[in-house]
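Novice: output the structure for:
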Amino acid sequence: MELQALLAKSNALPSIPKVVSEVLSELDADDPSPRKIGQLVATDPALTARMLKLANSAFFNVTRQISSVDDAVGILGFSHVRTLVTAVALSSSFKAVPGQSGAVLALQPQHGQGLPGAGARVAVARWRVLHCWPGARGG
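Specialist: Residues are numbered from 1 along each chain as shown. Predicted structure coming up:
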């Protein structure tokens, strides 16, 4: 499905999950609360599982098992939490796009859209790193 055709259907694009929106809002606050972020993440089992898996990956070199979301937020830090939450939102959005069966849309920059296209490619690369290789060191 072409991006322009998908955008023409206003109800075809999925919205991000509420928990993702709430976590991103808390991360954007002047003084984000790790405890509140942990509480929000804990309401979503899939997001909780991904966060714990990432916190226990070799990338973070933790010597003990991380089993709570609060500990995972502390280990990951706000930057990695933001990337993870965004990646999960992208993942669920791609699965919900009609006619795509989980495949990533062909994001070809149109005239005058080079920078947004580049941003989308960076987001997809980050998603792939977190989704496929939680212990990897880059995109």
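Novice: give the closest residue to Ser33 in space, chain neighbours not counted.
Specialist: Among residues not flanking Ser33 along the chain, Glu26 sits closest, at 6.6 Å (C-beta to C-beta, 6 or more residues apart in numbering). Where you see a C-beta, it was placed from the backbone N, CA and C, and this is true even at glycine.
Novice: sec struct for the one you found, please.
Specialist: helix (DSSP: H, G, I helix; E, B strand; the rest coil).
Novice: list phi and psi for Ala58.
Specialist: Dihedral pair for Ala58: phi -60, psi -20, per degrees, to the nearest 10.
Novice: how many residues are close by it?
Specialist: 9 (other C-beta atoms under 10 Å).
Novice: quick one, longest helix in this structure?
Specialist: helix 69-96 (DSSP state H).
Novice: low pLDDT regions in the chain?
Specialist: Within the chain, the segments meeting pLDDT under 70 span 1-15, 92-139.
Novice: what sits up against the helix or strand where Leu47 lies?
Specialist: Element membership for Leu47 (DSSP states H and E) is helix 45-55. Under the criterion C-beta atoms under 8 Å, 6 or more residues apart in numbering, residues 19-20, 41-42, 60, 62, 66-67, 69, 71-73, 75-76, 80-81, 84-85, 88, 130, 134 lie in contact with helix 45-55.
Novice: mind checking which of those residues are buried?
Specialist: 19-20, 41-42, 60, 66, 69, 71-73, 75-76, 80-81, 84-85, 88, 130, 134 (16 or more other C-beta atoms under 10 Å).
Novice: just to revisit the earlier point, buried residues in the helix holding Leu47, which are they?
Specialist: For helix 45-55, burial by neighbour count (16+ other C-beta under 10 Å) applies to Leu47, Thr48, Arg50, Met51, Leu52, Leu54, Ala55.
Novice: do the same with stretch 32-39
Specialist: Neighbour-count burial for stretch 32-39 [16+ other C-beta under 10 Å]: Pro32, Pro34, Ile37, Gly38, Gln39.
Novice: ok, residues contacting it?
Specialist: Contacts for stretch 32-39 (C-beta under 8 Å, 6+ apart): Val23, Glu26, Leu27, Ser68, Val69, Asp70, Ala72, Val73, Gly74, Phe78, Val81.
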